[in-house]
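Undergrad: I would like to see how this sequence folds:
(chains A and B)
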Amino acid sequence: MKQRFKIALLATVVSTFLFTSCEKTLDKMAVLNKNENSPTSVIPSALLTQAELSGTFTSQGGFGDGPIGVFNGHFAGNHATGLSYNQYQLTNGDLAGLFTGGYQSTLMNLKQIITTAQANERSYVGIAQILTAYQLGYMTSIYGDIPWSQALDVVKFPTPKYDAQVDIYAAIQKLLADGIASLTAGASESAINGDFLYGGNRAKWKGLAYMLSARYYNHFSKKDPAGSATNAIAAIANAKAAGFTSSSADFKMPYDGSTTLYNPWQSTFTNGMYVANKAFLDYIMADNDPRLRAFFTSNSGTVPIRPAYGLGKLQDGDVGTGAYMSIGDSTYYGQKNSPVLFATYFEMLFIEAEANMRAGNAAAAATALNAAVAAHLNQVISFTADKAGIPTYIANHGAETAATVSMAKIMTEKYKAMLAQEVETWMDVKRHAYAYPVGMQSIPNVSNTSASKVPVASTYIQRLLYTQSELDKNGTNVPTVTIFSKLPILQ
Amino acid sequence: MRNFLFFVCMVVFASTATAQNTNTTGKITDENGSPIVGASVLERGTRNGTLSKNDGTFTLSTKAKATLVISSLGYKSTTVAAGSGLRVQLQSDVNALSEVVVTALGISRDKKAISYSTQTINAESIAAGGKSNLMDDLSGKVSGVQITNSGGQAGSGTTVVIRGYNSLTGNNQPLYVVDGVPIDNTASATNGQYSFPSANRAVDINPDDVDNVTILKGGAATALYGIQAANGAIIITTKKGKVGKANIDFNYSRSAASANKFQDVTRQWLRGSSGIYTTNTSNMWGPNAFSNPVFPKGSLMDLVGDGVVKDVTGLPIPFYPNNFENFYASGTGITNRYNISVSGASDKTTYFTSLSRLDQDGIILNNRYQKTDFMFNFNSQITDRLKIGAKFNYINTGGNRYAQDLLSYSLLYYINTFDIMTYHTTNLATGTESYWNNGQSSAMWMATHDGGEKYNVNRLLSNFDASYKISRDLRLDYKAGMDQYSEGREQHDMIGTWNYASNNFTGSITTGNIQNTQLNSELILHFDHKFGQDFQLRSFAGQNIFYKKYDALFNSGNSFVLPNLYDITNTQTQTVSHGSWSKQTLGVYGDVQVDYKNYLFIEGTLREDWSSTLPRNNMGFTYPSVSAGYVFSEHIKAPWLTYGKVRVSYAGTSNDAPVNSLETSYSNVSPAVLGNVRFTYPSTVGNPTIRPESTTQQEVGLDLGLFKRKVTFEAAYYEKRSFDQIIYAPVSSVTGVSSTLINLGETTNKGIDATLSFNNIVNVKGFTWTSAFNFSRNRSMVVKVGDNGNDKVTLRNGYWGTTEIDAVKGQPFGAIYGYAWKRYGKATTDADYLSAPLLLDANGNPSKAATKTLLGNTSPDFILGWNNTMSYKNFNFGFTIDWKKGGNVANDFNSMITYSGKSFYTDQRYYDPTVAGAPANVLSTRIYSGVNAAGQVINDKPVQLSKTFYTTVFRAIDENYVEDATWFRLRNIYIGYTVPDKILKPLHIKGLDLTFSGRNVWLKTPYTGVDPEVSAGGASANATTGMDIAGIPSSKSWDFSVKVKF
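TA: Residues are numbered from 1 along each chain as shown, chains lettered A, B, ... in the order given. Predicted coordinates:
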């Protein structure tokens, strides 16, 4: 009996020991599964830098704006998919990065800033709100209805619904207002790090928020001509008051030409995919526009493609020779260290001109237009020889009066100045039903293996298609559209 | 306690010291009088015994009137009285399987007693393969296994998939076990900038050291290995010393390799556009090379690559149509292998040591692979009860290899006006690469300017094992093993090399360092007991600890500051990436095998594993296996039936989660920008409730030995179901992530593997012929890959074209989707869409369908290997023919060269005659037959085969690039001569063999690209075959070898 008791006691002790040591071993093992290279939380500045270097902020310029510039008539596709865009041959797979990159890298990281920032990090929240507004504005200009109220929460909404475009714009205006409020609340916080676009300058961010507010009010020119004009003009006044008064306030990507900060137009230039559209190039050359060399390169030699001076490509289905003028790499836009412009002072002046024109205030419209033209010319022209052409050009196109100014003139000048900012240009031409710039737009032709060239469509392209991955993974929510379906706010 | 142990030890030692007083000698032979080596001679009733030597003789000290029990595997045992000068003849036992197989955990079993599929390939058969890579040498010799080499560069890896792909996005490669210790088989293919044909680490094993390889195919075979062997296991046993005099073996072989097949191309068009020569393009849409074209006025160029630009106006335009072929013959392709081994044994200790060296020059200039391998093992019977062994294997591999994507880029654009072999000097004016095309670096520049990746791997495999016999029935085995390697990599583009990524000539460098340590500890207690006359129990229980740490650090630097200093610190910007992780598993397991009267066998196993990659409260998981076999030939007697067995098995296996998948962690984005460190939300969120993934497998098998085993047949039918698979299920990117990690995927695999052998089927006048067929057929089905209606996971996208290889619900694994021609009357989702007539426009033009359609599948219908060995007197001869039927490959490379005007598709052309200067008579058209939108037949409208047609219409049709990848090849052929003993004896040489062999020397396939066996996916864990992007040719080789035995 005693013996048995001893054995039982021993067994209990041993098994208890084994069990507890086993549990301890498993605890130790679990620690091995911690990610050694990546943290589970980070500081907002690190997320801010990444958000600013992704999504629309890096897809603008180059292969994002290039194809859309084809639809606008600034560029023409020269080979491969460029030819497809020439002829409106779009699939759901095309330019998917504009959509997926926007949500996945930009908006998601911005959301992390907004939801995880500490109480003393309101400034980061403010910047994130303004950047979110910009990102949404960019995407809705291309796609119309997009997901937002249910976006960015895979646990709650694995298949997010698409919000109506007007609701997206409402969200944008609210984000901009919230952004200004957050920045005001954070005015006395310590310096903002990781802000690559404005160097943590709160005033510049606030000015931008007002400027963007004006831009997105102005998008409603069709739905609400008067209201949009009033709202835009008011926002512009606020922007000016906040210091958005010169090109130094411009919202832009400051590429420095290093391998990590490389102007994406370079790639389209070396690849030769998008070149000067013949119609646009002929137009500015006939007009002796002093910005020719700021727009398109004409040098030849050791650069990968050898543009011939004055040669633009037809926007058709034929493979080109490669000898066309292009946006790189001695222009204002296409050098390795050229900035990519997102929202500028000259654009705001054009918006001011357009809104005033619509509001019936022609004098203010003329003043704004003249200022806009001068601002753009002075900003982009760098060659001394070209600068000599500025006065003549201003005399011809930038010296309007209340009597001479017209919507056609405003939008045509804006069209030239907004080269390379193709999403906003696209919104402009669509808002005015492709009426401006006068005479420069035509339905592209297809020439395939047939003898005669025929138009590809009877109407202009209005949008990109929703991405294939959305059709695959969120198909029931994706609105049914074609490339000719007008955006809801333009219907 | 210590005293007690001492007492036990004393007893053990004392029992070995028994009285011995007479010397028994003898010789053991078979029926034909040939000596039997290694036969066991045991004094009955004692543990006193020895083994016969090489000449069959033995000496044993015994008691005077002892009885000796003499036995050898494959022979009937016999007893004789002790004495001197005995002559013992053993009768062969045709009923016994003369095969002992190594099963899971290194346990040896009589093949008869196991009831699941295994296949063993011995050293001779491996040696006949004659290649530097062990796994490649198994091609055609095993069934149920698909072996795919990753290309013709020296030192590239091999993908092995046993019985089909189990996992949709995880590991599909088997576990490699060397001498009972699992080894690492990682392949890291990218250095963060380019992708390299890097080797999976199983290639490090020296084929000359290998005694045999056993493939464990089914779940029941591998269940005991636990999670690591969820995809089957390859058990490699290295050579051991044998009792007898020391053997010294020396092998030398030299082989010459060359590319075996090239992409089909057109060879008549020059650079240009619309039939006119121009330097505005690098594409071949210019004049016909045979129309005596000359350079147009004002042509300034460096034509010969001497760095001097000259006016070449009016000179004939040179034409180098064979640049591809010449480039892939720029290396010598010579391989030298040396191997020396010394082995032997005393009565208690065996040892084996070898040193080998391999120097391989690839078929591309400066593509090299070197391997030095040193191995030493010994096994010693310390006492009657205690046996220990240790192994030490040091392997150094290294070489120089090229980024596949860079080679492919360069070659597909290479302009045939220049000779690739000579056009690679520095431009004197600019100091940069004398480039043949602006914006493209030349492959030959890379080869001649040190542009390859240099790598060096130091690996140490070591193990220690001990076995202690506690009593007659109980034995305790312990084995500890370590696999440790470090790999260094460096690749640079010198200043002056065109860099794609940064569009400049300022150079770049990438260095990498990979460290891997893997430890394995195995403790097993065996209990074998015979219950009465009829029941034999074999059982064991064990415990396993596995630990692994992996660390890879890569640094990329751009723009060198100083010339000729290739160090990461000498660059202007650096990008760092670091990936490291560790994991540990614990396992306990048990195995019980019972056999009844040696004809009925039942075995059951159970294993529980705990893995660190699973949630802490759910770390453990259990899986069982049962198998049973019945040797029916014991009861069904027929003169032709020597042996017959049916077997069934069922097993569950499991796999743990990927490391670090429970938490959501932000990823660092390198490089920092202007001093700002970046982090991003990951594309996949962690899943704290992840469960292990499971596979169940059923198998029935039949083993037959007919006509005294002249004919043997082994076949198995299996069904596998993998479920709860951990997959990165794609979700809408609007959610902010691209996938969620969930237990969702489900696939099934059903198949047959069979081996039919004719052993010495012809045996007349000294001529023998043994022939074996290995057949593998696997049918996979993707049951579930996502929820919310997501039925597709894309495994691989085409680089140039829009084909994709997918796992699609309701399709076999590896479905190829892409755009087809637009057709009439059928939706692209219809299974027979491709058989519908083309829908043509009024001018007879075909066009692209609006959505992608199913174009094929990468899985083959079956693989059949036919393996033959023959001998006549001192000659032996053999060959292996391999046939893979069916399965498609997407020829993505051909898609791109259609664009650049090099594909054979573009041989016939139409150049617009209205363009000034266009060549006359280049006006080819093609009539597509189809129907118009109203269904009326159109078959008389010629379509002009213009550049625009090819580049924008034809090339966009992926259907044109999905090809049948059936192949038929002479995998291996050899003839050998064994120099007779009477010549060698005076020279004190025990053996001398001369062999001449060829590998992969003949290939027949309808595929138009390079060898369709090539896997452009490389040898990574989930390597998906069937997408030919890089198009690097595979190689064939002729090999001469000498083997000397001293």
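Undergrad: B:Ser108 contacts B:Val101, correct?
TA: Yes. Taking CB atoms under 8 Å as the contact criterion, B:Ser108 and B:Val101 are neighbours in contact, 7.2 Å apart. C-betas here are computed from N, CA, C, even on glycine.
Undergrad: and these two? Which one has more around it.
TA: B:Val101 (21 against 9; other CB atoms under 10 Å in any protein chain shown).
Undergrad: what helix or strand does that one sit in?
TA: Element membership for B:Val101 (DSSP states H and E) is strand B:100-102.
Undergrad: what are the contacting residues of that strand?
TA: Strand B:100-102 is touched from outside by B:Leu73, B:Ser108, B:Arg109, B:Asp110, B:Lys111, B:Ile114, B:Thr118, B:Thr120, B:Asn212, B:Thr214, B:Ile235, B:Thr237, with contacts defined as CB atoms under 8 Å, 6 or more residues apart in numbering or on different chains.
Undergrad: pLDDT at the first one, what is it?
TA: Yep, that's B:Leu73 we're talking about. Turning to B:Leu73, the model gives it a pLDDT of 68.
Undergrad: and stretch B:809-820, how far out from the chain middle?
TA: Here stretch B:809-820 shows a centroid-to-chain-centroid distance of 24 Å under the convention CA atoms, centre = their mean, to the nearest Å.
Undergrad: do stretch B:263-275 as well
TA: 37 Å.
Undergrad: residue 427: how many residues sit nearby?
TA: In the absence of a named chain, chain A is used. Burial of A:Met427, expressed as a neighbour count using other CB under 10 Å, amounts to 24.
Undergrad: hm, I was asking about chain B
TA: Neighbour number of B:Asn427 under other CB under 10 Å is 19.
Undergrad: can you check the one 4 residues further on too?
TA: The criterion is other CB under 10 Å. On that basis, B:Gly431 has 12 neighbouring residues.
Undergrad: and what of the one 10 residues further on?
TA: Neighbours of B:Ser441 under the rule other CB under 10 Å: 25.
Undergrad: ramachandran coordinates for it?
TA: Backbone torsions for B:Ser441, taken as degrees, to the nearest 10, come to phi -80, psi 150.
Undergrad: so what's it up against?
TA: B:Leu406, B:Ser410, B:Glu433, B:Tyr435, B:Gly451, B:Asp493, B:Thr497, B:Trp498, B:Asn499, B:Tyr500.
Undergrad: and what of B:Thr214?
TA: Residues touching B:Thr214, when contacts are defined by CB under 8 Å, 6+ apart, comprise B:Val101, B:Val102, B:Thr103, B:Thr118, B:Gln119, B:Thr120, B:Ile121, B:Ile234, B:Ile235, B:Thr237.
Undergrad: recalculate using a threshold of 10 Å.
TA: The contact partners of B:Thr214, by CB atoms under 10 Å, 6 or more residues apart in numbering or on different chains, come to B:101-104, B:118-122, B:142, B:177, B:221, B:233-237.
Undergrad: residue 172: how many residues sit nearby?
TA: All of this refers to chain A. Using other CB under 10 Å, the number of residues around A:Ile172 comes to 25.
Undergrad: other chain: chain B
TA: A total of 23 residues lie near B:Asn172 under the criterion other CB under 10 Å.
Undergrad: do the same with A:Tyr309
TA: A:Tyr309 is surrounded by 12 other residues when neighbours are defined as other CB under 10 Å.
Undergrad: is it true that it touches A:Ser298?
TA: Yes. Judged on CB atoms under 10 Å, A:Tyr309 makes contact with A:Ser298 at a distance of 4.4 Å.
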